[in-house]
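>>> Structure for this input, please:
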Amino acid sequence: MLDKKYIGFLKELKSLKSSASNLLKSDSGEEFENIKCHEIIGYLKVEIENALHEMELLSKTTLEGKLVLNSQGRFNLDTAQELYFTCGSPIELLIDGEWYRGRVESDGDDYYFYNYESENQTLEEGMKARIRVDRG
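Numbers count the residues shown, from 1 in each chain. All right, here's what the predicted structure looks like:
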């Protein structure tokens, strides 16, 4: 769960994104300096949107459990058996005591963890995993 300081910063980023959007709606003018500032703000707005997306994802509640293979040959969490994983499903996997973000993929025979931050890993029953869900 995100600390209050990060939640506060998330709110500030949303406000900054709004300010950047409003500024970008206006004409930059013809002066070189203004045109360049307009371009920089456009670039920053994209980066702010990316940061907001990542931080909003990290602020979601996690469901944690161990991977089990269901009767249809798909993995799900033992704590949320109604939610099974297919190719592209986002999950986080605990590897050597550290959480990694990625997604489920298949090589045609087995499912594996496509790791966004490190090496891919074949999925096996009993691995500790979690997913992020909207609060409810």
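>>> and the helix or strand hosting Ala51, what does it pack onto?
Following DSSP states H and E, one finds Ala51 within helix 32-58. Helix 32-58 sits against helix 4-25, with contacts defined as 3 or more Cβ pairs under 8 Å, 6 or more residues apart in numbering; DSSP states H and E. The C-beta positions use only the backbone N, C-alpha and C, and glycine is treated the same way.
>>> Just the buried residues of the helix it packs on, please?
Neighbour counts over helix 4-25 (16 or more other Cβ atoms under 10 Å) mark Leu10, Leu13, Lys17, Ala20 as buried.
>>> Determine the set of other helices and strands touching it.
Against helix 4-25 (3+ Cβ pairs under 8 Å, 6+ apart) you get helix 32-58.
>>> Next secondary structure element downstream of the helix it packs on?
Per DSSP H and E, the helix or strand that comes after helix 32-58 is strand 61-69.
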